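**Student:** turn this into a structure:
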Amino acid sequence: MEKTILITGGAGFIGSHVVRLMVNKYPDYRIVNLDALTYAGNLENLKEIENAPNYAFIKADIADEKKIREIFAEYKPDGIIHLAAESHVDRSISDPLAFVKANVIGTVNLLNAARDLWGNNLSGKRFYHISTDEVYGSLGATGFFTEDTAYDPRSPYSASKASSDHMVRAWYHTYNLPVVISNCSNNYGPNQFPEKLIPLAINNIKHKRDIPIYGKGENVRDWLYVEDHAAAIDLIFHEGQLGETYNIGGNNEWTNIDLIRKLCEVMDEALGREKGESAELITFVKDRAGHDKRYAIDSEKLMKELGWKPSLQFEEGIVKTVEWYLNNEEWLNNVISGDYTDYYSTQYDNR
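**Tutor:** Presented below is the predicted three-dimensional model:
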């Protein structure tokens, strides 16, 4: 193999799309998928490539320093694409320490292992850390997050990701580790765990259950189709400038309530229901603590320097997403476990 790439969190939503892309696009790369297989990690996401000759899977927790060092010693990765993270804001409010362990300590374990493995032999090496736009805090009605926006995290989740970003930059400046970082807006598409807004709503609409919307649904998010994010990750990993940060956004802002109303329209058509039937399921619930008002990403740097742009706008992407979930009922049923049902009740049955 030409080189070995270690992808952390490769059984998760975004990670599985990146793993499939890399395995199929680069047959001369050995792609090693490291995932702890927590509630959001699902190897069913990778069935189509699980027997590929250039693919290997390792079940491990990035917070386990000893295990991480063993893996680096065995596989000697030339590059790391670090996606593994606890990522759900509600869960971070309930259990912030779990987010510190995974997102901060886990990232430092990987940074140290890469530094010790590579030493001064840094040619062709790269540590790519994938982060979130939530580290920037909340926007008003106008303006966009850029790579120079000051960090202002508002939840334990975003604070843990901000901390991990700072750690990665510190290893670049202090130890000369070859790093690159990207911060992305909200992703949607196939294989997303149904605690997130869009798959949760799709499943609830399908079963004619209430669609919980925080507050008045006025919070604004920038949405990006997950395959467009995977393509950006591929590009940044290979061509991004070391030490730099790239923001990845969909240029695609929706308030939560408008997004759900659009989703209801698509679902009504897909399920053969009367127009407006699914929208009757919308139910407003108590707002989340520290709920950021608006996120919006300026991707000009990525577009200008590396030539990336999103291939889909939301209206097209949401149709593709709905079709996938309706055509993969077995996947969805397998994901929705008893643990998830208990969690769902804890989070949303408080109205």
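**Student:** residue boundaries of the strands in the stretch 1-150 of the chain?
**Tutor:** Residue ranges of the strands in the stretch 1-150 of the chain, as given by DSSP state E, counting those that start in this stretch, are 3-8, 29-35, 55-59, 79-82, 126-132.
**Student:** direction included, what does the fourth one pair up with?
**Tutor:** The strands that strand 79-82 pairs with in its sheet are strand 3-8 (parallel), strand 126-132 (parallel) (by DSSP bridges).
**Student:** save the ones you listed as CSV, and put in distance to residue 174, mean pLDDT and mean neighbour count too.
**Tutor:** In this view, the C-beta of every residue, glycine as well, is placed from N, C-alpha and C. Shown next, in CSV, are these (distance: least, Cβ to Cβ, whole Å; pLDDT from 0 to 100; neighbours: other Cβ atoms under 10 Å):
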stretch, distance to residue 174, mean pLDDT, mean neighbour count
strand 3-8, 22, 98, 23
strand 126-132, 13, 97, 24
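**Student:** returning to what we had before: quick one: closest of the strands of the stretch 1-150 of the chain to residue 273.
**Tutor:** Nearest to residue 273 among those is strand 126-132; the distance by Cβ to Cβ comes to 34.6 Å.
**Student:** model confidence over the next helix or strand after the closest one, on average?
**Tutor:** Where DSSP states H and E defines the elements, the next helix or strand beyond strand 126-132 is helix 156-175. Averaged over helix 156-175, pLDDT sits at 98.
**Student:** keeping just the C-alphas, turn the helix or strand just after helix 156-175 into CSV.
**Tutor:** Note on helix 156-175: by DSSP H and E, the next helix or strand toward the C-terminus is strand 179-184. Only the C-alpha atoms of strand 179-184 are listed here, as CSV (Å, rounded to 0.1, in the frame of the first residue of the first chain):
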residue,chain,number,x,y,z
VAL,A,179,-1.9,19.5,11.2
VAL,A,180,-5.0,20.9,9.5
ILE,A,181,-8.4,21.7,10.9
SER,A,182,-11.9,22.2,9.4
ASN,A,183,-15.0,23.5,11.1
CYS,A,184,-18.3,22.4,9.4
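**Student:** helices or strands up against the next helix or strand after strand 179-184?
**Tutor:** Next in sequence after strand 179-184, counting helices and strands by DSSP H and E, comes strand 186-188. Packing partners of strand 186-188 (3 or more Cβ pairs under 8 Å, 6 or more residues apart in numbering; DSSP states H and E): strand 220-225, helix 226-239, helix 314-327.
**Student:** and the next helix or strand past strand 186-188?
**Tutor:** helix 197-206.
**Student:** quick one, that following helix and strand 220-225 angle?
**Tutor:** Angle between the axes of helix 197-206 and strand 220-225 is 90 degrees (criterion: axes from the mean of the first three to the mean of the last three Cα atoms, to 10 degrees).
**Student:** pull the contacting residues for residue 295.
**Tutor:** 133, 134, 136, 138, 139, 145, 185, 186, 220, 221, 222 (Cβ atoms under 8 Å, 6 or more residues apart in numbering).
**Student:** cutoff 10 Å now
**Tutor:** Taking Cβ atoms under 10 Å, 6 or more residues apart in numbering as the criterion, residue 295 is in contact with 132-134, 136-139, 144-145, 185-186, 219-223, 249, 253.
**Student:** nearest residue to residue 96 in space, please, no chain neighbours.
**Tutor:** Nearest residue to residue 96 in three dimensions, chain neighbours excluded: residue 156, at 3.7 Å (Cβ to Cβ, 6 or more residues apart in numbering).
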